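[1] here are the coordinates; sequence isn't available:
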């Protein structure tokens, strides 16, 4: 009883100690600000970043670009390193593509259905067959096979790279700290910013598209792998260790099996993000569905763009369901696996040979379904009836105008009104209050780097849009994730909707967003929310569902209501997943900020797109680097840093 009293007393004092530490930090920072602020205001008056503290990178980046162009065909680095990588990617994609063509539309459909039947049963097999047949019916069979070949190679590479990085970060605190900024940079750096360097090195074509996709899609696998390994039950690990197992045995028999949920979610997110890059990759020469979407939208043909976008969604749904079911544990809850892999392969080969003998490997042209015209009519109807003049609630144009006037304009004006040094102090206070001095220093240096790069004003404009989009995303995403975690019916109903939202290429829903909300910052925010919401919902629901059932049972036995269980048990125990949801929300919103630059979002997004369009490496990379710095700062401000417990504390 005495031990319980001491433990309870210590826990009661802990919040007071933490509050006193935070108050002490803020007091010390306030004293430093009182000394430095008048000096900074005197030497550098005005709110904007001082010109004499900026550094121009135009000449160095132009020189680097010229060097790459001059040496790309002769330097050993390109001939014997990048050249081998490029050849390996081309050969891999070509091998997969030729295999798919050799199987024909019947062989691919049958093989996909048999694999789905093997891992999950007849229902998923029927859905897989329907998905492949729909791709052909939309007239997109060959582009679908091109995209599938590209995505198979890109997803496999992303999973391997992400799993290795996550394994290193999950087993070593030092590597976790070292890899964290690398993963932040890989995922936050906008695709448009690194497409130009990738094209400079690898040229236009498949290698550049695959590598750009890997850079974008590998970080979620790495983060969720590390999260799963670090979140393994300590009691299970201690029990395994007590049996005399080695470090390798503990990893293979305990850590990885316990992290199965996070690993599958990481695979899901990698597939979704890789497919979302299909359209962007088409800009640098990747053929397939993305190229069809891009060409259709270049002529503002929403119907044709949707006809190519739907197969991307169908591919994502099929790969999501099949890979998720393949990783399920055979614990009696899964369907019996009555179809062997050898049988599935033999049937596929037989069907492919029969199709070849009949001369019908290609999809029959008479079976195509034209959806472009009805879609275009539907878009015209929405524009004519929802844009303005709706009784009582007003039109979508009114909503966009109100959101811009009441939210975006005040936030941007407030940020631009603040003196630059006060912005740095606010960032330091927020980061230090929830972390260490290293966290605060990293956040401040990231924010200061934006000023040094000479893009302080555009960065604050972008920050205002990101803050608004992240706030809306978290409110909607966490609430929806809670509903999905507490109800299996809601989760099943939301799953296909989330798949569509996350896999539909941004360029496809950008046109309807513009048609409904007009051109400006509001549609850019709307597009960012649509893209980031699924990840926040999924991660929130996953974290809440993995809360220890014993803790919930204990709360119920004490008479806790459902609301009390949520707020006092589930949300606190799911803290890691919720913080990861915040992180992914920020990252994904920043990824779409660039797309927003195409629809009037302006600021850093427009500069990045302009740099790619004009081949201006300096403009594109500087704006992209500023977005990375924004992402790093927001990550440090929103992610509490865990401290090591001292002995005797």
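    Done, it's in. These numbers were taken from a predicted model, which means no experiment stands behind them.
[2] helix or strand for residue 528, which one?
    Using DSSP states H and E, the element containing residue 528 is helix 521-545.
[3] for that helix, packing partners?
    helix 260-276, helix 396-403, helix 456-486, helix 488-503, helix 506-517, helix 575-596 (3 or more C-beta pairs under 8 Å, 6 or more residues apart in numbering; DSSP states H and E). Placement of C-beta: from N, CA and C, glycine included.
[4] helix 396-403 and the longest one, what's the angle between them?
    Spelled out, that is helix 456-486. Between the axes of helix 456-486 and helix 396-403, defined by axes from the mean of the first three to the mean of the last three C-alpha atoms, to 10 degrees, the angle is 110 degrees.
[5] tell me the angle of helix 456-486 relative to helix 488-503?
    Counting by the same axes, to 10 degrees, helix 456-486 lies at 150 degrees to helix 488-503.
[6] which SS class is residue 559?
    Following DSSP: H, G, I helix; E, B strand; the rest coil, we place residue 559 in the coil state.
[7] sorry, wrong one. I was asking about residue 390.
    Following three-state DSSP, the label given to residue 390 is coil.
[8] that one: neighbouring residues, count only.
    For residue 390, the count of nearby residues is 14 (other C-beta atoms under 10 Å).
[9] just to revisit the earlier point, the helix holding residue 528 - what's its average pLDDT?
    In this model, helix 521-545 has a mean pLDDT of 85.
[10] use 31 as the first number from now on
    Yes, from this point I'll number from 31; that puts the last item at helix 551-575.
[11] for the stretch 381-530 of the chain, give me the ranges with low pLDDT.
    Applying pLDDT under 70 to the stretch 381-530 of the chain picks out residues 389, 419, 422-423.
[12] okay, now residue 496: neighbour count?
    Residues near residue 496, counting by other C-beta under 10 Å: 26.
[13] wait, residue 254 sits on residue 290?
    No - the criterion here is C-beta atoms under 8 Å, and residue 254 misses it with residue 290 at 11.2 Å.
[14] when these two are compared, which one has more neighbours?
    Per other C-beta under 10 Å, whichever of residue 254 and residue 290 has more neighbours is residue 254, with 30 against 13.
[15] host element of the more buried one?
    In this assignment (DSSP H and E), residue 254 forms part of helix 236-260.
[16] same check, this time on residue 391
    Assigned by DSSP H and E, residue 391 belongs to no helix or strand.
[17] from residue 348, how far out is the spatially closest residue to it that is not a sequence neighbour?
    The shortest distance from residue 391 to any non-neighbouring residue, by C-beta to C-beta, 6 or more residues apart in numbering, is to residue 134 (3.7 Å). Separation of residue 134 from residue 348 (C-beta to C-beta, to the nearest Å) stands at 18 Å.
[18] go on, residue 89?
    49 Å.
[19] who touches stretch 237-244?
    Residues outside stretch 237-244 that contact it (C-beta atoms under 8 Å, 6 or more residues apart in numbering) are 115-116, 119-120, 123, 180-181, 183-184, 187-188, 191, 221, 224-225, 228-229, 231-232, 304, 307, 310-312, 314-316.
[20] tally up the residues packed near residue 391, please.
    Neighbour count of residue 391, defined by other C-beta under 10 Å: 15.
[21] looks like it contacts residue 135 (just checking).
    Yes - using C-beta under 8 Å, residue 391 is in contact with residue 135, at 7.1 Å.
[22] what sits in contact with each of those two?
    Common neighbours of residue 391 and residue 135, counting by C-beta under 8 Å, 6+ apart, are residue 385.
[23] residue 524: how many residues sit nearby?
    20.
[24] what's the answer for residue 131, then?
    18.
[25] mind checking which helix or strand it is in?
    Using DSSP H and E, residue 131 sits within helix 113-150.
[26] ok, then the element right after that helix?
    With elements assigned by DSSP H and E, the helix or strand that comes after helix 113-150 is helix 152-167.
[27] buried sites along that following helix?
    Using 16 or more other C-beta atoms under 10 Å as the burial criterion, the residues of helix 152-167 that qualify are 154, 155, 157, 158, 159, 161, 162, 163, 165, 166, 167.
[28] now, of the contacts of stretch 237-244, which are buried?
    Buried by 16+ other C-beta under 10 Å: 116, 119, 123, 180-181, 183-184, 187-188, 191, 221, 224-225, 228-229, 231-232, 304, 307, 310-312, 314-316, out of those.
[29] show me those that map onto helices.
    116, 119, 123, 180-181, 183-184, 187-188, 191, 221, 224-225, 228-229, 231-232, 304, 310-312 (DSSP state H).
[30] residues in contact with stretch 195-203?
    Around stretch 195-203, the neighbours that count as contacts under C-beta under 8 Å, 6+ apart are 205-206, 209-210, 212-213, 248, 251-260, 281, 285, 289, 296.
[31] buried set for the helix holding residue 131?
    Neighbour counts using 16+ other C-beta under 10 Å place 113, 116, 119, 122-123, 126-127, 130-131, 133-150 of helix 113-150 among the buried residues.
[32] now that helix: how far from the chain's centre is it?
    Distance of helix 113-150 from the chain centroid (C-alpha atoms, centre = their mean, to the nearest Å) equals 25 Å.
[33] so after the lowest-mean-pLDDT helix or strand in the chain, what's the next helix or strand?
    Between all helices and strands in the chain, the lowest mean by mean pLDDT, DSSP states H and E belongs to helix 32-73, at a mean of 53. Downstream of helix 32-73, the first helix or strand assigned by DSSP H and E is helix 88-101.
[34] any idea which element the nearest residue to residue 301 once chain neighbours are set aside lies in?
    Nearest non-adjacent residue to residue 301, counting by C-beta to C-beta, 6+ apart: residue 349, 5.0 Å away. In this assignment (DSSP H and E), residue 349 forms part of helix 332-356.
[35] show me what that helix is packed against.
    Secondary-structure packing of helix 332-356 (3+ C-beta pairs under 8 Å, 6+ apart): helix 113-150, helix 152-167, helix 171-201, helix 290-306, helix 319-328, helix 402-416, helix 518-533, helix 536-547.
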